[in-house]
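> Fold the following, please.
(one chain, ligands or ions: 2)
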Amino acid sequence: MPTMRAVQVSRPGGPLELVERPIPEPGPGSVRIQVQACGICHSDVMTTEGQWPGITFPRVPGHEVIGVIDAAGKDVPARWKAGQRVGVGWHAWHCGHCDNCRRGDYFACQTGIQVTGISFDGGYAEYMIAPATSLALVPAELPTADAAPLMCAGVTTFNALRNSGAKPGDLVAVLGVGGLGHLGVQYAAKMGFRTVAIARGKDKEPLARQLGASHYIDSQSADPAAELAKLGGARVVLATVTHGPAMSATVGGLAPRGRLMVLGAAGPMEIDPILLIMGRRSVEGWYSGTSLDSQDTLAFSVQSGVRPMNEVYPLERVAEAYDRMMSGKARFRVVLTTGN
Ligand SMILES: NC(=O)c1ccc[n+]([C@@H]2O[C@H](COP(=O)([O-])OP(=O)(O)OC[C@H]3O[C@@H](n4cnc5c(N)ncnc54)[C@H](OP(=O)(O)O)[C@@H]3O)[C@@H](O)[C@H]2O)c1
Ligand SMILES: [Zn+2]
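Residues are numbered from 1 along each chain as shown. Ligands and ions are numbered 1, 2, ... in the order given. Now for the predicted structure:
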């Protein structure tokens, strides 16, 4: 039986293990992808630490996948063919028709939401099986390693910004310049917002400005809310950090009717209700997007020149690559390549 290299976690909190596994066969409605690259997203902690409800082990993480369709199971729509270069992101499937999906609550999909690298094995491997509903066609202009982070970090920030209600010329702040944030800064600037980057320390300032930020706030040496207020108040703060208090510290810098969009899966956050009442400020969570949203993200990135800044590691150095992401030192996304 032909085998492949894959990286699995066998128990919550367990190590990333490079193993040989049989090359899987696609079932109905799914394709097999020969994986070329997979980004390492901070949300992969939900797999490695077993934080997602109902996750089972062993599990292969990875939901920023780019590869080539290699085989198709039965009932796969004819538009998906062997040889096409495709991407797979976090959100792979929800039924769309049950009462909960029709209310927009697809986490509660009655037949079960499918999340890549959680509900089924993801892209830290030479091959993976993906439902056809999760596939985005990758434009020829995008190099493979550049396309990978767009499948989660990209679509999440692009989709949040385009649904944020901000208009060209509005002040939009991106809180956190990491994997998500460095793409958020670029999308915000390309969408025509006056873009503010907020990060800890001074060292990210030149890069943030290079990515399109017209203002930079060092949250360690200044109060981000006061600095945003000086700039007129933000229509939107796109919060990509992994720390709740860092998010709440920006709420006072929102303009009247301004919105804190919470992307980072951070711990608890405390907000003074007075800040919400006065000026009718709001807080809203944002959850990645569908495969069609990913295709829009890829197309916009080609059109506008948005590209991730990547540090590329071969699959076998996954433990080092994952630690690099967790250290917060990566500039800005760590991407695994398989050699395929
Ligand atoms: N909503 C969604 O659909 C969605 C999708 C993807 C990811 N996520 C979540 O988004 C978050 C970011 O993911 P990522 O891949 O961009 O992670 P990342 O590359 O590791 O970046 C982490 C960011 O968090 C900030 N940070 C870390 N520790 C902090 C602290 N103690 N105080 C303040 N800021 C801190 C860093 O800020 P500095 O820039 O200041 O160093 C950095 O910008 C994660 O929680 C991830 O699970 C959510
Ligand atoms: Zn992700």
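> residue in the stretch 151-300 of the chain nearest to ligand 2?
Cys152 (3.2 Å; C-beta to the ion). The way it works is simple: take the backbone N, C-alpha and C, and place the C-beta from them, glycine included.
> Return the residues in contact with that residue.
Residues near Cys152 by C-beta atoms under 8 Å, 6 or more residues apart in numbering: Gly39, Cys41, Ser43, His63, Glu64, Gly89, Trp90, Ser288.
> Of these, which belong to strands?
Among the contacts of Cys152, the members found in strands (DSSP state E) are Gly39.
> Which of the contacts of Cys152 has the largest number of neighbours?
Most neighbours among the contacts of Cys152, by other C-beta atoms under 10 Å: Glu64, with 33 neighbours.
> my guess is that residue meets Thr144, correct?
No. Glu64 is beyond contact range of Thr144, at 11.3 Å (criterion: C-beta atoms under 8 Å).
> For the residue in the stretch 1-150 of the chain that ligand 1 sits nearest to, grab the count of nearby residues.
Closest to ligand 1 within the stretch 1-150 of the chain is His42: 3.2 Å, counting by C-beta to the nearest ligand atom. Residues near His42, counting by other C-beta under 10 Å, number 19.
> now Arg11
Residues near Arg11, counting by other C-beta under 10 Å: 11.
> Write out the residues of the stretch 151-300 of the chain neighbouring ligand 1.
Contact residues, the stretch 151-300 of the chain versus ligand 1 (C-beta under 6 Å from any ligand atom): 152-153, 156, 176-181, 199-200, 240-243, 246, 263-265, 286-288.
> nearest residue to Lys190 other than its sequence neighbours?
Take Lys190 and drop its neighbours on the chain: the residue closest to it by C-beta to C-beta, 6 or more residues apart in numbering is Ser304, 4.1 Å away.
> gap between that neighbour and Gly154?
12 Å (C-beta to C-beta, to the nearest Å).
> Which one of those two is surrounded by more residues?
Gly154 (35 against 15).
> And for the helix or strand that one falls within, what's in contact with it?
For Gly154, the host element (DSSP states H and E) is helix 153-162. Contact partners of helix 153-162, identified using C-beta under 8 Å, 6+ apart, comprise 39, 41, 64, 89-90, 172, 174, 179-181, 183-184, 187-188, 191, 193, 236, 238, 240, 261, 263, 286-289, 293-294, 296-298, 300-301, 306, 308, 333.
> Adjacent strands (with direction) for the helix or strand harbouring Val237?
Element membership of Val237, judged by DSSP H and E, is strand 234-239. Note on strand 234-239: by DSSP bridges, its sheet partners are strand 171-175 (parallel), strand 254-262 (parallel).
> For the stretch 151-300 of the chain, which segments count as helices?
For the stretch 151-300 of the chain, the helices defined by DSSP state H, counting those that start in this stretch occupy 153-162, 179-190, 205-210, 224-230, 244-248, 273-277, 291-304.
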